[in-house]
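Participant: model this:
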Amino acid sequence: MRARGPGRRSISFARTRNHLHVMPTSTGYEIPTGSYYRWSGEERGRTPFAVVQHTLSGAGRLQYERHFRMIMPGETMLVVIPHRHQYWIEDGER
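Facilitator: Modelled structure (predicted):
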């Protein structure tokens, strides 16, 4: 993914008799560089889904209900939508 750069692409899996509890529908690679990168779990629609995000470098800030956490390189976060949380970076961060 690094060689191709930022981008998004949808994938789908064939139905099988195996019962998967998680079915990924899209994946991507992005290098956000400013405060425009802010996601609110209450403003992404009413359809339930989950977001799994792994940090390769830099850091992100997660406010999950009343808890605050920095997501550092090598860490992965899992949040559900809709839910009261925000994930962002500050100006000058990556």
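Participant: middle-most residue in the chain, spatially?
Facilitator: Geometric centre of the chain, nearest residue: residue 53, 3.9 Å, by C-alpha atoms, centre = their mean.
Participant: Next one: the residue lying closest to that residue once chain neighbours are set aside from residue 69, what distance?
Facilitator: Nearest residue to residue 53, sequence neighbours excluded (C-beta to C-beta, 6 or more residues apart in numbering): residue 77, at 5.3 Å. Where C-beta positions appear, they are placed from N, C-alpha and C, glycine not excepted. Summarising the geometry, the distance separating residue 77 from residue 69, computed by C-beta to C-beta, to the nearest Å, is 8 Å.
Participant: residue ranges for the strands of the protein, please.
Facilitator: Secondary structure of the chain by DSSP state E: the strands cover 7-10, 26-29, 38-40, 49-54, 60-64, 67-71, 76-81, 85-88.
Participant: Nearest approach to residue 94 belongs to which of these?
Facilitator: Proximity to residue 94 (C-beta to C-beta) singles out strand 60-64 among the strands of the chain, at 9.7 Å.
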